[in-house]
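**Q** What follows is a predicted structure for the sequence shown.
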Amino acid sequence: MHEVIGLFPIPFLRVPGALDATLVRGLVEHFATRADLENNSSDQLSHTAMLRPEDSPLLGVAAGRVMAHLGEFGTLLLGERLGWSVKEMWVNVLDQGGHQAMHNHANSFVSGVVYLTPTHPDSRTVFMRSPGGYDFAFRNDHAGVANGPYNATKWVSPQPEPGDLVLFPSWLMHAVPHNRGERRITMAFNAIPTHLDSWGYRISFAG
């Protein structure tokens with residue numbers, strides 16, 4: 001008898017229907033036309049300026065809906081139930097043929113995405129292992145390899161529906177493949193805890 005133990009798993013929280021249809025529709029109607037900032041990775045990708053929950057009643061309601069889930073996810077990530085605040089929010093508009101390059105989110109601890117429109121199955125968010133640092137110098141990678149949690153280099157997130165929320169550590173690399181469907185609109189955000197305490201060395205974060 002032997003046992004396989006998965007060491008140091010990465011938490012990923014998915015909340016179907018975190019935002020109701022009325023709120024989702026309001027966010028799309030209000031912010032889709034305000035996504036006028038270009039993105040370097042694709043001509044078909046644009047986003048709004050960085051916003052705070054207090055910038056719009058709609059954003060305030062949306063931030064309130066994710067707060068309880070932030071507390072739950074933060075406990076998994078940091079081992080303690082802390083207060084959390086949404087530091088910034090923005091809306092992404094990805095037209096057909098566009099994509100989002102691999103990236104992560106600096107200066108935050110938890111990041112999230114709320115899907116506001118239907119997503120083509122080929123354009124689901126993909127999460128990747130951070131390049132380098134722990135892999136062998138050689139790889140076994142060919143058509144006959146069975147990919148699993150211990151050798152795969154990427155993971156495709158579940159098919160989302162409008163209103164679904166996902167939370168993940170901000171350092172986790174992710175991307176969006178080329179959009180083969182209709183316009184894809186998401187709301188992303190970053191969150192920080194009230195403080196961290198490492199055996200008496202305490203640092204506080206301004207929300």
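**A** In hand now; what should we look at?
**Q** only C-alpha atoms for contact and neighbour calcs from this point on.
**A** OK.
**Q** so where is this protein shaky, pLDDT-wise?
**A** Residue ranges of the chain with pLDDT under 70: 132-137, 207.
**Q** mind listing the helices for it?
**A** 21-31, 57-78 (DSSP state H).
**Q** most tightly surrounded among those helices?
**A** Highest mean neighbour count among these (mean count of other Cα atoms under 10 Å): helix 57-78, with a mean of 17.
**Q** Could you double-check that residue 130 lies in contact with residue 154?
**A** No. In this structure, residue 130 is not within contact of residue 154 by Cα atoms under 8 Å, at 9.6 Å.
**Q** Of the helices of the chain, which is nearest residue 13?
**A** helix 57-78 (6.8 Å; Cα to Cα).
**Q** now the angle between helix 21-31 and the closest one, please.
**A** Here helix 57-78 runs at 110 degrees with respect to helix 21-31, directions being taken by axes from the mean of the first three to the mean of the last three Cα atoms, to 10 degrees.
**Q** which residues in the protein form strands?
**A** 13-15, 37-39, 42-47, 84-94, 100-103, 110-115, 126-128, 154-156, 165-169, 173-176, 184-193, 195-198, 201-204 (DSSP state E).
**Q** Identify whichever of those lies nearest to residue 145.
**A** strand 154-156 (14.2 Å).
**Q** how much distance is there from that closest one to the middle of the chain?
**A** Relative to its chain's centre, strand 154-156 lies at 13 Å (Cα atoms, centre = their mean, to the nearest Å).
**Q** And it, what's buried?
**A** Buried residues in strand 154-156, counted by 16 or more other Cα atoms under 10 Å: 154, 156.
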